[in-house]
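**Q** Mind looking at a prediction? Sequence and model below.
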Amino acid sequence: MNKLKMIIPLVLLASCNSYYFPLLVEAPQRIISSFKPYSPGESYIKNQESSFVTVELGQQNATLVLSSIENNIFTWVGQGNVTFKTYKGLVIKTSGLANNFTLIDPKQSVDHFLANDPHTLIFNLDKPRLYEVQAHTSKLSTSQSGLNIDLIAKSINWKIKVDVTYDDKGMPIANNQTLHPFVGDVTMSYYFKY
């Protein structure tokens with residue numbers, strides 16, 4: 001009976017105050033829209049002079065432009081000095097985020113995975129600052145079209161997932177990767193300009 005006494009005034013209040021009703025209907029739509037993946041239009045892609053990546057990290061979207069290539073390591077730079085370094089599509093180092101990481105000996109480690117050889121990755125993390133966090137392979141799947149790795153760093157109970165998709169030339173198209181225990185997964189799409 002008490003619940004009914006509470007519901008009736010709320011219904012009357014909502015019906016009398018119809019000004020707020022559209023806000024209640026629109027708010028969920030705005031929330032749902034904010035989860036849509038970021039994808040640039042064809043005209044945007046065509047008009048870009050440099051190679052770039054689109055990045056989705058949580059509720060934030062960004063575009064990072066290719067700054068340099070050195071020893072097959074690509075450096076992508078965005079606003080606020082956010083920098084991602086990638087090797088064969090995997091993010092191997094970040095800077096400018098709230099929490100960053102560096103993969104130790106990235107080229108050798110990634111090459112082991114691409115050769116279908118399970119390998120231990122070693123990370124340096126910041127905030128909290130942790131050095132030489134070891135992540136052991138729990139699952140590895142490689143093909144010409146992709147690389148899928150699951151790792152676990154037991155010392156900090158951190159599960160890492162990497163899923164890179166390649167085109168027929170071996171260039172990365174997309175990457176979904178865990179970056180840091182406090183950051184979560186990043187989704188990236190690669191757009192190369194030749």
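**A** Yep, that arrived.

**Q** How about H180, nearest residue that isn't a chain neighbour?
**A** Setting aside the residues directly before and after it, H180 is nearest to N99 in space (CB to CB, 6 or more residues apart in numbering), at 4.3 Å. For every residue, glycine as well, the C-beta is placed using N, CA and C.

**Q** now the one you found: how far from Y191?
**A** 26 Å (CB to CB, to the nearest Å).

**Q** Look through the chain and tell me its longest strand.
**A** strand 130-143 (DSSP state E).

**Q** So in that sheet, which strands flank the helix or strand that that one is followed by, and in what orientation?
**A** Where DSSP states H and E defines the elements, the next helix or strand beyond strand 130-143 is strand 146-153. Strand 146-153 has these partner strands in its sheet, going by DSSP bridges: strand 130-143 (antiparallel), strand 158-166 (antiparallel).

**Q** And the shortest one, what's buried?
**A** By 16 or more other CB atoms under 10 Å, the buried positions in strand 158-166 come out as 158, 160, 162-166.

**Q** Specify which member of those residues is nearest to S51.
**A** Y166 (15.5 Å; CB to CB).

**Q** neighbours of the nearest residue to L125 once chain neighbours are set aside, just the number please.
**A** Leaving out its chain neighbours, the residue that sits closest to L125 by CB to CB, 6+ apart is F101, at 5.2 Å. When neighbours are defined as other CB atoms under 10 Å, F101 has 22 of them.

**Q** My understanding was that F101 contacts L179; is that so?
**A** Yes. The criterion here is CB atoms under 8 Å, and F101 meets it with L179 at 6.2 Å.

**Q** intersection of neighbour lists for those two?
**A** T94 (CB atoms under 8 Å, 6 or more residues apart in numbering).

**Q** Strands along the protein, start to end?
**A** 52-57, 60-70, 73-77, 83-87, 90-95, 101-104, 121-125, 130-143, 146-153, 158-166, 172-180, 184-191.

**Q** so what's the closest residue to A174 other than its chain neighbours bridging to?
**A** Leaving aside its sequence neighbours, A174 sits nearest to T165 (CB to CB, 6+ apart; 4.6 Å). Beta-bridge pairing of T165 under DSSP bridges involves G146, A174.

**Q** what separates T165 from G184, distance-wise?
**A** Distance from T165 to G184, by CB to CB: 20 Å.
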